[in-house]
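Engineer: Give me coordinates for this.
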Amino acid sequence: MCRPVALGRAAAAFVGLLELLLVMAILGAGTLTEPFALCLLAASVAIALRAAVVGCYPRTDRLLVRSWLRTSGIDREKILDVRVVAYSGFANRFSDSRFVSMVSLEVVGRRLPVELRFTADTPSRVRERAELLHEAVMRS
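Structural biologist: Sure thing, here's the model as predicted:
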């Protein structure tokens, strides 16, 4: 079993910035006994905990994809190709980035590829992750 493909640096930086903003809001609320501060603290902890498990986990017959909001599995034999594409997501209003890339999976039976936005990083680092994922998924 190969190691999981986890958060890219760009995605991790986005999470770090979000965590910093939440901590600043908590500190600005004054006291942790206020409902608003408690809600922000709970959101901050939930984001930090989920960030620890976001990634792709190759299994014997499936690729387990844990994204920010859901976990899904893709049968390995249905994955046709692992590609590096320009990042397009929430951070850049869903337009193609020239400086940030992400991994994309071509899957049988899907009209659109499965884009792994949490792998966002520099093109060279994403190529390394895509090669690791390709080796883990495409091997017999």
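Engineer: Where does pLDDT dip in this structure?
Structural biologist: 1-4, 29-32, 140 (pLDDT under 70).
Engineer: quick one: the helices in it?
Structural biologist: 9-29, 35-51, 123-138 (DSSP state H).
Engineer: Around the nearest residue to Gly89 once chain neighbours are set aside, how many other residues sit close by?
Structural biologist: Computed as CB to CB, 6 or more residues apart in numbering, the closest residue to Gly89 that is not its neighbour in sequence is Arg117, at 4.5 Å. For every residue, glycine as well, the C-beta is placed using N, CA and C. Neighbours of Arg117 under the rule other CB atoms under 10 Å: 19.
Engineer: State the distance from Arg117 to Val100.
Structural biologist: Arg117 sits 10 Å away from Val100, going by CB to CB, to the nearest Å.
Engineer: circling back: quick one: the residue nearest to Gly89 and Tyr87 touch, right?
Structural biologist: Yes - Arg117 sits in contact with Tyr87 when judged by CB atoms under 8 Å, with a separation of 7.1 Å.
Engineer: between those two, what contacts are shared?
Structural biologist: Common contact partners of Arg117 and Tyr87 (CB atoms under 8 Å, 6 or more residues apart in numbering): Met102.
Engineer: For Ala10, grab the count of nearby residues.
Structural biologist: Neighbour number of Ala10 under other CB under 10 Å is 25.
Engineer: doesn't Arg117 make contact with it?
Structural biologist: No - using CB under 8 Å, Ala10 makes no contact with Arg117, being 9.5 Å away.
Engineer: Mutual contacts of those two, please.
Structural biologist: With CB under 8 Å, 6+ apart, Ala10 and Arg117 have common neighbours Tyr87.
Engineer: residues touching the residue nearest to Gly89, list them.
Structural biologist: Ala11, Ser67, Tyr87, Gly89, Phe90, Met102.
Engineer: got those as CSV, with neighbour count and distance to Tyr57 columns?
Structural biologist: Output for the contacts of Arg117, formatted as CSV (neighbours: other CB atoms under 10 Å; distance: CB to CB, whole Å):
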residue, neighbour count, distance to Tyr57
Ala11, 24, 16
Ser67, 16, 12
Tyr87, 25, 22
Gly89, 18, 21
Phe90, 9, 23
Met102, 26, 17
